[in-house]
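J.: Structure of the sequence below:
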Amino acid sequence: MWKQAGKLFWQDIKRMKIAIILICLYLAFMKFVLHSGCPFVVLTGFPCAACGLTRAGVHFLKGEWIQAWNIHPAIFPIVILFIAFIVQRYFRQASLKGLKKYVIILILGMVILYVYRFVTQFPNNPPMSYYPDNLMLRIVKWMKI
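T.: Purely as a prediction, here's the structure:
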C-alpha cells in the first residue's frame, strides 16, 4: 500500500513539475523582489484572508498549537483537509469530489474570520497589519508629484 501510494505521488509530482517550478519562481520573486508572499498585501497594503497561514503552519509543525491558533485558526481545518486529501488520493485512490464541499466551507469560514479579524484586530495585531510600502500608495504618491 505504501509503495503504491509513493508511486502515485511521484507520478503526480512529475505531471505537475512545470506548475511546481512556476510556483517556486513566483514565491522567490515575491519574497526577494517585493518582500512579501501575498500579492494582495503588495498591491494594497491590507492583509488578505490567508495572511498569517504560513506562520501558523510553521508553528503548527513545531507543535506550538496555541501560537498557530492565535496567528490563524484556519490552519487546523486546513491540516485536516490536507490529511484527508492525502488519504483519499494516495491510499484509498478514491474520488476527491467529496472534499470539495469542505473546501468551500473552509473558504467561507476564512472570509467570515477575515471580516471579524479586520473589524476587531486591524491594524494593530499581526498578521492584521497595514503595510505602507504597497504599490497602490506608491502610485498615488507618484501621481501627485
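J.: Let's test this: name the helix or strand in the chain with the lowest mean pLDDT.
T.: Taking all helices and strands of the chain together, the one with the lowest average confidence (mean pLDDT, DSSP states H and E) is strand 124-125, at a mean of 82.
J.: Correct me if wrong, but Cys24 is in a helix.
T.: Yes. Under DSSP: H, G, I helix; E, B strand; the rest coil, Cys24 falls within a helix.
J.: distance of it from Thr54?
T.: Applying Cβ to Cβ, to the nearest Å, the value for Cys24 to Thr54 is 15 Å. Just so you know, the C-beta spots here come from the backbone N, C-alpha and C atoms, and that holds for glycine as well.
J.: So those two - more neighbours on which side?
T.: Thr54 (15 against 10; other Cβ atoms under 10 Å).
J.: What distance do you get for the more buried one to Leu61?
T.: Look at Thr54 and Leu61: by Cβ to Cβ, they are 11 Å apart.
J.: Check Ala50 too.
T.: 17 Å.
J.: Looking at those two, which is more packed in?
T.: Legend: neighbour count by other Cβ under 10 Å for Ala50 and Leu61, higher for Ala50 (18 against 11).
J.: Let me know the secondary structure of that one.
T.: Per three-state DSSP, the secondary structure class of Ala50 is coil.
J.: which residues of the chain score low on pLDDT?
T.: Of all residues in the chain, those with pLDDT under 70 make up the ranges 145.
J.: Regarding the protein, what is its longest helix?
T.: In the chain, ranked by residue count with DSSP state H as the criterion, the top helix is helix 97-121.
J.: Show me what it is packed against.
T.: The helices and strands touching helix 97-121, judged by 3 or more Cβ pairs under 8 Å, 6 or more residues apart in numbering; DSSP states H and E, are helix 75-86, strand 128-129.
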